[in-house]
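> Below are the sequence and a predicted model for it; my questions follow.
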Amino acid sequence: STVYLNGEFMPMDEARISPMDRGFLFGDGIYEVIPSYDGKLVGFGPHIERMNQGMDLIGINFGYSEADWRQVCEALIEKNGAGNLGIYLHVSRGTDSRRHHAYPENVEPTVYAFAFEIPAAPVADREKVKPYKVSSTEDLRWQRCNIKSTALLGNVMHFQQGHAAGHNEIILFNANNEMTEGSACNAYIVKDGVVITPPLDNQILPGITRLMLLDILRKDGSIKVEERIVTMDEVRNADEIWLTSSSKEIAPVTELDGKPVGTGEVGPVWEKAQTLYTAQKYNY
Ligand code: PMP
């Protein structure tokens, strides 16, 4: 496939970065994944805004405008044949001549972007969607999960835990038995028709799918939404559990730790929410 590296497009197997790149040595960088379907990007503006906030938080001064990023994304879509593509964007602090923890001065950030195939967006149909089966475990990542850092070992280890047990994802909870998020997604419960998701803080990533979904639900008004602490007892007694991310949109969960969620079937509130999301996702 064709990728983008530091201002140029090239075949992926010709792209080269230094082994002294701080992204490689320290995971010192920020990334994004923006979904696109038939060439149309979903949530482009909010994704770029989050990336800029992440770079601010870790002190990477980098000046691509939204228009610059859009050009990169659109070129990657065009060069890689549109379809269902995730666009991965990555800015690392750059390449230093030595391995030294302090942020080096006067290094150019390394900018890398590529396109990869993602599943078709879910059809908002309870009979047709493939539900997720997940496990749960204590969240052992760091305390800055609001930063979309390329240092993903904590997330990778948790995902693998679920994967090794035959599950599609893993729901994480903190030392107070409160749900945080999934290893690569945000998490929600539905109880008595109300959608409830943990508030934004340092324990979770501010998901763009979450941002859009909550906005869509609030504007529609027919489903009540709450952002508040969710205990694992509530999760285990929920009518529905959902996970969201850019590549999966809203995924219904029908099994948690080997037990059925609610009736064990995909729920009606999910179907309504995914229907609204499908209709409005290109408006952001
Ligand atoms: N939380 C984590 C830990 C993630 O890695 C992701 C993205 N894969 C999300 C939440 C969802 O974010 P978004 O909706 O922006 O994809």
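Looks like it arrived, so ask away. Residues are numbered from 1 along each chain as shown.

> mind listing what's buried in stretch 135-147?
If you call a residue buried by 16 or more other Cβ atoms under 10 Å, then stretch 135-147 has these buried ones: 135, 136, 139, 141, 145, 146, 147. Using the backbone N, CA and C atoms, a C-beta is placed for each residue, glycine as well.

> How about the residue nearest the centre of the chain, nearest residue that isn't a chain neighbour?
Geometric centre of the chain, nearest residue: residue 245, 4.5 Å, by Cα atoms, centre = their mean. Leaving out its chain neighbours, the residue that sits closest to residue 245 by Cβ to Cβ, 6 or more residues apart in numbering is residue 185, at 4.0 Å.

> and what of residue 123?
For residue 123, the nearest residue in space outside its immediate sequence neighbours is residue 129; the separation is 6.4 Å by Cβ to Cβ, 6+ apart.

> likewise residue 142?
On the basis of Cβ to Cβ, 6+ apart, the spatially nearest residue to residue 142 that is not a chain neighbour turns out to be residue 154, at 6.3 Å.

> Show me which residues of this structure are close to the ligand?
When proximity is defined as Cβ under 6 Å from any ligand atom, the chain approaches the ligand at 155, 181, 184-186, 205, 207-210, 244-246.

> In strands only, show me these.
Cross-referencing the residues of the chain next to the ligand against strands under DSSP state E gives 181, 186, 244, 245.

> From the chain's centroid, how far away is the helix or strand hosting residue 255?
Here residue 255, judged by DSSP states H and E, is contained in strand 249-256. The chain centre lies 15 Å from the centre of strand 249-256; the measure is Cα atoms, centre = their mean, to the nearest Å.

> now stretch 265-278
Chain-centre distance of stretch 265-278: 19 Å, with Cα atoms, centre = their mean.

> List of residues touching it?
Residues from elsewhere that reach stretch 265-278 (Cβ atoms under 8 Å, 6 or more residues apart in numbering): 121-122, 124-126, 129, 131, 190, 193, 195, 212-213, 216-217, 220, 222-223, 239-240, 242, 249-250, 252, 254.

> Could you list the buried residues of that stretch?
For stretch 265-278, using 16+ other Cβ under 10 Å, the buried residues are 266, 267, 269, 270, 271, 272, 273, 274, 276, 277.

> Go through those and say which is closest to residue 70.
Set against residue 70, the nearest of these by Cβ to Cβ is residue 277 (22.5 Å).

> The helix or strand hosting the closest one to strand 249-256, inter-axis angle?
Assigning secondary structure by DSSP H and E places residue 277 in helix 268-280. When axes from the mean of the first three to the mean of the last three Cα atoms, to 10 degrees is applied, the directions of helix 268-280 and strand 249-256 differ by 160 degrees.

> Okay then, goodbye and thanks.
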